[in-house]
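Undergrad: This is a predicted model, with the sequence first.
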Amino acid sequence: MHNGTLRDHIHAGSVNEKSLDWLARLQIAEDSAKEEDLTHVSSVARGTVGYLDPEYYANQQLTEKSDVYSFGVVLLELLSGKKPVSTEDFGAEMNIVHWARALIRKGDVMSIVDPVLIGNVKIESIWRIAEVAIQSVEQHAVSRPRMQEIILAIQEASKIEKGTHGSQKLRPGSSKAQSSRKTLLESFLEIESQSPDLSNGCLVPAAR
């Protein structure tokens, strides 16, 4: 994905390095999703812990929906600024997917968002990406969106962010005011939580 541009900027090694702002992250995500050949995502998934479609362990096949899963992980990176697998951030028994799923289930988007973005992004824009990201990393491929649907969600988030009204900025404590958005995901997450969690080689059952 663009020679690691997103990763280089989001996972900056120094606090003095400039992180990408929200609109820049959305633009990179949209550009990546629009590329006709997403095999580069699958290639990353084959050799990188944290991006691999859990269903791969059952059927040993990577599909278009495997690309969707891997891209969903990238969207979670975009939101949080965290790496897919990090014992420092998630401990030894979780990854970014399990961590984000548990927080979104509670309606706590604030705890997911990269601290450098707080105060500079609109709540609805963040939620739009959080929703499509969690849907993209659903355990079962059939429940994941198509790449075109992800592109539309990213475009919607960009429009919201660029708008002059209609959504307040995300600030400390403001995610609780958005707890009603939790209901939009409750059915999806409840169904997912009742499904067996497929190992990706380094994870244990998802957080409940």
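TA: The structure has been received and is ready for your questions.
Undergrad: only C-alpha atoms for contact and neighbour calcs from this point on.
TA: OK.
Undergrad: where do the helices sit along the chain?
TA: Counting by DSSP state H, one finds helices in the chain at the ranges 5-10, 22-34, 39-47, 56-59, 64-80, 87-90, 96-105, 123-136, 147-162, 182-193.
Undergrad: which other helices and strands contact the second one?
TA: It refers to helix 22-34. Judged by 3 or more CA pairs under 8 Å, 6 or more residues apart in numbering; DSSP states H and E, the packing partners of helix 22-34 are helix 64-80, helix 147-162.
Undergrad: Now tell me what touches the last one from outside.
TA: The set of residues external to helix 147-162 that reach it, using CA atoms under 8 Å, 6 or more residues apart in numbering, is 23, 26, 29-30, 33-34, 68, 121-122, 124-126, 128-129, 132, 166-167.
Undergrad: Now list the buried members of these.
TA: Judged by neighbour count, with 16 or more other CA atoms under 10 Å as the criterion, the buried members of the contacts of helix 147-162 are 23, 26, 29-30, 33, 68, 121-122, 124-126, 128-129, 132.
Undergrad: Show me the shaky parts of this structure.
TA: 1-18, 36-47, 93, 164-208 (pLDDT under 70).
Undergrad: Of all the residues in stretch 138-157, which ones are buried?
TA: Of the residues in stretch 138-157, those buried under the neighbour-count criterion (16+ other CA under 10 Å) are 138-141, 144-145, 147, 150-151, 153-157.
Undergrad: wait, I meant stretch 96-112
TA: Within stretch 96-112, the residues that qualify as buried are 96-101, 104-110, 112, counting by 16+ other CA under 10 Å.
Undergrad: Ala33 and Gly107, how far apart?
TA: Ala33 is 26 Å from Gly107, where distance means CA to CA, to the nearest Å.
Undergrad: just Trp127 next, same as before
TA: As defined by CA to CA, Trp127 lies at a distance of 10 Å from Gly107.
Undergrad: now Gln139
TA: Applying CA to CA, the value for Gln139 to Gly107 is 20 Å.
Undergrad: Including distance to Glu88, could the buried ones among the contacts of helix 147-162 go into JSON lines?
TA: Formatted as JSON lines, these follow (distance: CA to CA, whole Å):
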{"residue": "Leu23", "distance to Glu88": "28"}
{"residue": "Leu26", "distance to Glu88": "26"}
{"residue": "Ala29", "distance to Glu88": "26"}
{"residue": "Glu30", "distance to Glu88": "29"}
{"residue": "Ala33", "distance to Glu88": "29"}
{"residue": "Val68", "distance to Glu88": "26"}
{"residue": "Val121", "distance to Glu88": "26"}
{"residue": "Lys122", "distance to Glu88": "28"}
{"residue": "Glu124", "distance to Glu88": "29"}
{"residue": "Ser125", "distance to Glu88": "28"}
{"residue": "Ile126", "distance to Glu88": "24"}
{"residue": "Arg128", "distance to Glu88": "27"}
{"residue": "Ile129", "distance to Glu88": "24"}
{"residue": "Val132", "distance to Glu88": "26"}
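Undergrad: Right, I'll call it a day here.
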